[in-house]
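Asker: Based on what follows, work out the 3D shape:
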Amino acid sequence: FLNHRSVEYYAAQLGMSAAYLSKNVKEVTGSTAGEIIHDQITLEAKRLLTNTDLPVEQISDRLLFNDPAYFGRF
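Answerer: Okay, the predicted model is just below:
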């Protein structure tokens, strides 16, 4: 989820369309595939912020955000 954040990527890996993946994920989990990816990034950010002494800028870099300000808004 850090290197690949698009539903399209995961759908291609599974050999299906993004729409089909999204529809099925929504039916099973109640969340969209995009929300699940977003939630995983958020969970990792919380884990790093809570359990490390890394500055926010380094965490932003580690999570592959191009801009620390965007990471803060995220």
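Asker: Residue most distant from the centroid, this structure?
Answerer: In the chain, the greatest distance from the average C-alpha position (Cα atoms, centre = their mean) is reached by D53, at 22.0 Å.
Asker: what's that one sitting at in phi/psi?
Answerer: phi -100, psi 10 (degrees, to the nearest 10).
Asker: Kindly report the same for S31.
Answerer: phi -120, psi 150.
Asker: for the helix or strand bottoming out on mean pLDDT in the chain, packing partners?
Answerer: Sorting the helices and strands of the chain by mean pLDDT, DSSP states H and E puts helix 68-73 at the bottom, at a mean of 88. Here helix 68-73 touches helix 56-62, going by 3 or more Cβ pairs under 8 Å, 6 or more residues apart in numbering; DSSP states H and E. Quick note: C-beta positions are derived from backbone N, CA and C, even for glycine.
Asker: Just name whatever secondary elements the helix it packs on is in contact with.
Answerer: Using 3+ Cβ pairs under 8 Å, 6+ apart as the test, helix 56-62 ends up in contact with helix 33-51, helix 68-73.
Asker: and these, which is most packed in?
Answerer: Of all the helices and strands packed on helix 56-62, helix 33-51 has the most neighbours on average by mean count of other Cβ atoms under 10 Å, namely a mean of 14.
Asker: Contacts for that one, please.
Answerer: Identification of contacts with helix 33-51 by Cβ atoms under 8 Å, 6 or more residues apart in numbering yields 1-2, 5-7, 10-11, 18, 21-22, 25-26, 29, 31, 54, 56, 59, 62-63, 71, 74.
Asker: Restricted to buried residues, select these in PyMOL.
Answerer: Only the buried entries of those go into this PyMOL selection, using 16 or more other Cβ atoms under 10 Å:
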select buried, resi 7+10+11+18+21+22+25+59+63+71
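Asker: Next one: the residue lying closest to V56 once chain neighbours are set aside from T29, what distance?
Answerer: In space, and not counting its chain neighbours, V56 is closest to P68: 6.3 Å by Cβ to Cβ, 6 or more residues apart in numbering. Between P68 and T29 the computed distance is 31 Å (Cβ to Cβ, to the nearest Å).
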